[in-house]
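Student: give me the fold of what follows.
(chains A and B)
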Protein chains: 2
Amino acid sequence: MTERTYAGTLTKENIDEKVLIKGWVQKRRDLGGLIFIDLRDRSGIVQVVFNPETSEEAIKIADTVRNEYVIQVHGQVVKREESTVNHDMKTGTIEIIADQIDVLNKSKNPPFLIENETDVSEDLRLKYRYLDLRRQALQQTFKMRHQITQEIRHFLNNFGFLEMETPILTKSTPEGARDYLVPSRVHPKEFYALPQSPQLFKQLLMVSGFEKYYQIARCFRDEDLRADRQPEFTQVDIETSFMTRDEIMDMTEKMMYHVMKEVKNIEISLPLPRMKYAEAMERFGSDKPDTRFGMELIHVSDLFEESSFKVFSGTIEAGGRVSLLNVKRQAAHYSRKDIDKLTDYVKVYGAKGLAWVKMQENELKGPIAKFLSDDEKQGLIQQAKVEDGDLLLFVAANNRVVFHSLGALRLKLGKELGLIDEAKFNFLWVTDWPLLEYDEEEERYFAAHHPFTMPVEEDLDKLQTDPGNVRAIAYDLVLNGYELGGGSLRIYKKDLQEKMFQSLGFTKEKAEEQFGFLLESLEYGAPPHGGVALGLDRIVMLLAGRSNLRDTILFPKTASASDLLTDAPNEVSAEQLKELHIMFPEE
Amino acid sequence: MTERTYAGTLTKENIDEKVLIKGWVQKRRDLGGLIFIDLRDRSGIVQVVFNPETSEEAIKIADTVRNEYVIQVHGQVVKREESTVNHDMKTGTIEIIADQIDVLNKSKNPPFLIENETDVSEDLRLKYRYLDLRRQALQQTFKMRHQITQEIRHFLNNFGFLEMETPILTKSTPEGARDYLVPSRVHPKEFYALPQSPQLFKQLLMVSGFEKYYQIARCFRDEDLRADRQPEFTQVDIETSFMTRDEIMDMTEKMMYHVMKEVKNIEISLPLPRMKYAEAMERFGSDKPDTRFGMELIHVSDLFEESSFKVFSGTIEAGGRVSLLNVKRQAAHYSRKDIDKLTDYVKVYGAKGLAWVKMQENELKGPIAKFLSDDEKQGLIQQAKVEDGDLLLFVAANNRVVFHSLGALRLKLGKELGLIDEAKFNFLWVTDWPLLEYDEEEERYFAAHHPFTMPVEEDLDKLQTDPGNVRAIAYDLVLNGYELGGGSLRIYKKDLQEKMFQSLGFTKEKAEEQFGFLLESLEYGAPPHGGVALGLDRIVMLLAGRSNLRDTILFPKTASASDLLTDAPNEVSAEQLKELHIMFPEE
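Tutor: The predicted model follows:
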């Protein structure tokens, strides 16, 4: 019996060999007595020829096959004539002269063509995901996902880490995102929760003395979905004992170096740049700056404190600031209408408006120009390094709104104007995060990362008195403006963890009820520990050059958390509900 | 700054070196002015000595530490005097003379000693799982689990497989075990199910043309738990296209060869033995025979068809059989009382009783001996190869009861009598399974494996007429009497899959509603495919020599599916329930 050969691996080396190939019909053509079939398998495509010398029976069968039929072909590899060589195909210098063909399975005409570029609606592609996944672009993405995962493992295994599995059926500790819940059949009115991350378990593994843990871990968040969120996602989850912040960051960036080298053949330069959170906000209006281009925020409040232009001076007086982007040499390309659209855009981020001036013929022009004094104009030109043809876009508001609106506007303009070098991979550490963030609605502080993050030691005394200004020993890894993930050192002493819960407004009882097991574990020899967690889906997206997280997940869900292929979630039987001791409220 | 060294790695090679070690206090002893501390980290244990030359401050600290404190020690490696060498310790030829000691964290006195052998209740150990996991036996088990997992990946990666992640939030298709359900917040009254296995998704990946898939996959079954079951468990899940049954079995056993070689340094002999299901039942009364010892079932119905002993002849007339175990040379060691206990044991498996005779002084003796004719006795002695001192234990019943009761009794006696060589690793394939099993209660057939298993071609016409006798192209891998897992070729044509659902009593509508997406996918060029799934937890249990699956899972659940450490499942807030559109029935 001939062994099967992968179609895409055939080259001139195989000429004259008798081969057996199996796969899908990519295309069939009849050309005056000749039948050509492009046969596709996971390795690629090869051309099969049925010529007058092929047996009648084989030709008869070849005549019936259609796109996406599954076939096997016995035949002989031959050199193509020079004139018919196909340089776009890896196997384009050879073809197979068929002896025999068998149809292993038929195919209906697929609802869309299996081609790399497609304008079919995503809903249809998700319903027929098994066909969508046949496209080479997705096949390549999942090969790369496999490769990235294995290289991460390879690196961590060599570093002495153990891969360990933590539970999926866990306890609900609603601090952070919303939990997915699982009703218990054995314990009426009780629920498991699917983990938002293995955070508590990996800390407990440190208390257990394993010292070096990792897991390619599935995580779950029942949140309203944005383009780059999925109800379940995969995290490269790492925790270590006895390592310092810098040792963990160093190890993490070496891991990324290894992945970039092995998967993309790119050597990134180490150590990776670091930027403090406060600086990232000031310069880029973002806690995950895309440093592939400039156009940084320029803060000009000092120019306008006394300004007669009350929109500016009033904002400053109220504790806000005036900042701008200098859009170099674009004055002529942005009409009033264009700028109106940008104004609508920043309003989403809370800005009341977008003031603007253009530098044209060496003069600042535009609706607000007349309100600015000559000194103010000169100051602007100096501070914003204004040259002829530049467009200045101002937001005057409180810090938060200035950062968010100008940060977002910067990214939008960077893309629109083609300022971003898509070939670049700009990694960046953002450090010195705030430990706590005040939530106006709930009127209490929330943990900026999670409640187990270690505060900077010299800020410890502010935990009660000035919680908003306590810094965390936390670090986020950013790539091209996306947060790949982050980490921190963790609290490993019980009294500090209790103080942390207090700062979050927990009563002693609530802390005990939700996190009693963690607090208790810290009393039995918990080592200093910390770690990091990176989003695998996002790493794959960026390295594979995809624009959507759904392209990196085999069976993704829609924005309403549905699986269009299997039609999940769905209704279940009354019997199932009864066993789980639950029912629905009356309408 | 000195870099930290792992305690357990220190040897004579390190003598005179200044080292920094970090870890837990395993033991502290005061011996006349000297303090000895055994420091433990993930690599092992080393002895630290505080002698009169150590600084007063260090001695003062050393004096305060207790078991399980986390400390770091700066010191110097020295050779132990010959008389104090500890041959039980890997580091026993050296010790550390301490210069400095720091307490990184304290520990309360643990609720149980961190020792390999422990008689503490399992419930207490599970509540303090993070302490239980510090025991060397468990540390070793999870290191081995890591190693097994990596070697499986290593093998499959080299074989061209891609590791791929299928969803955890899936559709409920209640055919088989009970699903864990997850209420949807976005879609009221609808539920996701946690997967019992990735079966359907891996088949869809074959339809997608990936050809070689694997996953170390978490699976979930909401069943009543036995000693060797957990609500969530991990499966080495494999699927391939275009491979034959024998090619899949061959690859699987090569994978196990690789794991045994790399992890246990044992070369198992390939190909693995194979046995048909029917033969396994006849010889061992089990579909997962432990072939490490003999004492096979002996069937003697032919001797007793006409017997005047009605218990035997009556059973045979009613369509049952008479079978026995010959317990060699144990006649003198089993009293009536002992045999009464064995009788109680087989009753659990449906046997009405356990008849017995003993061969003593070359005569068959015992309560039923007087009912047996001389011919019957002679026949017995020949067929059962009875020698002096043998004990024969009979069950007369229908096939099912005979197999189950004698199969179980064989295992029990094999263990009791020490017939099992615990050093052996006896792998075995069990093949030619029945496709369907009749369920008396539900009055319909169920799939013996799952409804996607390919029937043997020559049995296809029996699918409607004689479903109970259709064989499946299915194979189970057995190790030492445990089912490691199994696989099959799958149905890849729509009409056959529809017939299969009919055999299971599905209406067209039910088949469509539950599995419509699968049926549809088979119409679009589904390749011939098949695979295998092995229980990782069980592989770890057997290779690590553990007797309990809970020892192979970091945070296992109890028999009532509770996590005693975190106290999951637990009650959740009314707000959470409201968001999920569920409530509880009135009491």
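
Student: quick one: neighbours of residue A:111, just the number.
Tutor: Summarising burial for residue A:111: neighbours were counted as other CB atoms under 10 Å in any protein chain shown, giving 12. (Each C-beta comes from the backbone N, C-alpha and C, glycine too.)

Student: which residues sit in contact with it?
Tutor: A:120, A:124, A:128, A:131 (CB atoms under 8 Å, 6 or more residues apart in numbering or on different chains).

Student: let me know the pLDDT of it.
Tutor: Each residue has a pLDDT score; the one for residue A:111 is 93.

Student: for chain A, which spans come out with low pLDDT?
Tutor: Of all residues in chain A, those with pLDDT under 70 make up the ranges A:1, A:226-227, A:587.

Student: could you point out which element follows the longest strand anywhere in it?
Tutor: Counting residues, the longest strand found in chain A (DSSP state E) is strand A:18-31. With elements assigned by DSSP states H and E, the helix or strand that comes after strand A:18-31 is strand A:34-41.

Student: what angle separates that following strand from strand A:18-31?
Tutor: Between the axis of strand A:34-41 and that of strand A:18-31 there is an angle of 130 degrees, by axes from the mean of the first three to the mean of the last three CA atoms, to 10 degrees.

Student: so what's the closest residue to chain B within the stretch 301-450 of chain A up against?
Tutor: Here the residue of the stretch 301-450 of chain A nearest chain B is residue A:442; by CB to the nearest CB that distance is 13.0 Å. By CB under 8 Å, 6+ apart, residue A:442 lies in contact with nothing.

Student: swap in residue A:178?
Tutor: Listed by CB under 8 Å, 6+ apart, the contact partners of residue A:178 are A:221, A:222, A:223, B:185, B:576, B:579.

Student: weed out the non-buried ones from the residues you listed.
Tutor: A residue is treated as buried here by neighbour count (16 or more other CB atoms under 10 Å in any protein chain shown); on that basis the buried members of the contacts of residue A:178 are A:221, A:222, B:185, B:576.

Student: do the helix or strand where the last one lies and chain A meet?
Tutor: Assigning secondary structure by DSSP H and E places residue B:576 in helix B:574-579. Yes - applying CB under 8 Å from any CB of the partner chain, one finds helix B:574-579 in contact with chain A at B:576, B:579.

Student: residues contacting that helix, please?
Tutor: With CB under 8 Å, 6+ apart as the contact definition, helix B:574-579 has outside contacts at A:172, A:174, A:178, A:179, A:181, B:185, B:583.

Student: swap the cut-off to 7 Å and go again
Tutor: Under the criterion CB atoms under 7 Å, 6 or more residues apart in numbering or on different chains, residues A:174, A:181, B:185, B:583 lie in contact with helix B:574-579.

Student: those into CSV, with extra columns for secondary structure?
Tutor: Written out in CSV, the entries for the contacts of helix B:574-579 read as follows (DSSP: H, G, I helix; E, B strand; the rest coil):
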residue, secondary structure
A:174, coil
A:181, strand
B:185, coil
B:583, strand
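
Student: mark which of the residues you listed are buried, thanks.
Tutor: Buried members of these, scored by 16+ other CB under 10 Å, are A:181, B:185.

Student: which helix runs longest in chain A?
Tutor: Ordering each helix of chain A by length in residues (DSSP state H) puts helix A:136-158 first.

Student: CA atoms only: put that one into CSV for me.
Tutor: Included here for helix A:136-158 are C-alpha records, laid out as CSV according to Å, rounded to 0.1, in the frame of the first residue of the first chain:
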residue,chain,number,x,y,z
GLN,A,136,-5.5,29.6,4.2
ALA,A,137,-5.4,32.8,6.3
LEU,A,138,-7.1,31.1,9.2
GLN,A,139,-5.3,27.9,8.8
GLN,A,140,-2.0,29.9,9.0
THR,A,141,-3.3,31.8,12.1
PHE,A,142,-4.0,28.6,14.0
LYS,A,143,-0.7,27.1,13.0
MET,A,144,0.9,30.2,14.4
ARG,A,145,-1.2,30.0,17.6
HIS,A,146,0.1,26.5,18.1
GLN,A,147,3.6,27.6,17.5
ILE,A,148,3.4,30.6,19.9
THR,A,149,1.9,28.4,22.6
GLN,A,150,4.6,25.7,22.2
GLU,A,151,7.4,28.3,22.2
ILE,A,152,6.1,29.9,25.4
ARG,A,153,6.0,26.4,27.0
HIS,A,154,9.4,25.6,25.7
PHE,A,155,10.8,28.8,27.3
LEU,A,156,9.1,28.3,30.6
ASN,A,157,9.9,24.6,30.9
ASN,A,158,13.6,25.5,30.4
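
Student: tell me the helix or strand right after that helix.
Tutor: Once helix A:136-158 ends, the next helix or strand along the chain (criterion: DSSP H and E) is strand A:162-163.

Student: any bit of the helix or strand following that following strand sitting next to chain B?
Tutor: Tracing the chain past strand A:162-163, the next element assigned as helix or strand by DSSP H and E is strand A:181-183. Yes - with CB under 7 Å from any CB of the partner chain as the criterion, chain B is reached by strand A:181-183 at A:181, A:182, A:183.

Student: possible to save the buried ones among the contacts of residue A:178 as a markdown table with distance to residue A:405?
Tutor: Shown next, in a markdown table, are these (distance: CB to CB, whole Å):
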| residue | distance to residue A:405 |
| --- | --- |
| A:221 | 26 |
| A:222 | 29 |
| B:185 | 31 |
| B:576 | 34 |
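
Student: can you add distance to residue A:335 and secondary structure and give the contacts of residue A:111 back as a markdown table?
Tutor: A markdown table is the format used below for the contacts of residue A:111 (distance: CB to CB, whole Å; DSSP: H, G, I helix; E, B strand; the rest coil):
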| residue | distance to residue A:335 | secondary structure |
| --- | --- | --- |
| A:120 | 36 | coil |
| A:124 | 38 | helix |
| A:128 | 44 | coil |
| A:131 | 45 | helix |
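
Student: which one of these is nearest chain B?
Tutor: Comparing the contacts of residue A:111 against chain B with CB to the nearest CB places residue A:131 closest, at 6.0 Å.

Student: can you tell me how far the closest one sits from residue A:107?
Tutor: The span separating residue A:131 from residue A:107 equals 10 Å under the rule CB to CB, to the nearest Å.

Student: joint contacts of the two?
Tutor: In the contact map built from CB under 7 Å, 6+ apart, the residues linked to both residue A:131 and residue A:107 are residue B:524.

Student: for those two, indicate the residue with more neighbours.
Tutor: Neighbour totals were compared for residue A:131 and residue A:107, and residue A:131 leads with 24 against 20 (other CB under 10 Å).

Student: buried sites along stretch A:332-348?
Tutor: For stretch A:332-348, the neighbour count (16+ other CB under 10 Å) marks A:334, A:339, A:342, A:343, A:345, A:346 as buried.

Student: and the residues you listed, which two are the farthest apart?
Tutor: The two members of the buried residues of stretch A:332-348 with the most space between them (CB to CB) are A:334 and A:346, at 14.0 Å.

Student: residue of the stretch 201-350 of chain A with the smallest distance to chain B?
Tutor: Taking CB to the nearest CB as the measure, the point where the stretch 201-350 of chain A comes nearest chain B is residue A:208, at 3.7 Å.

Student: number of residues surrounding residue A:143?
Tutor: Here the count is done by other CB under 10 Å, and residue A:143 has 15 residues near it.
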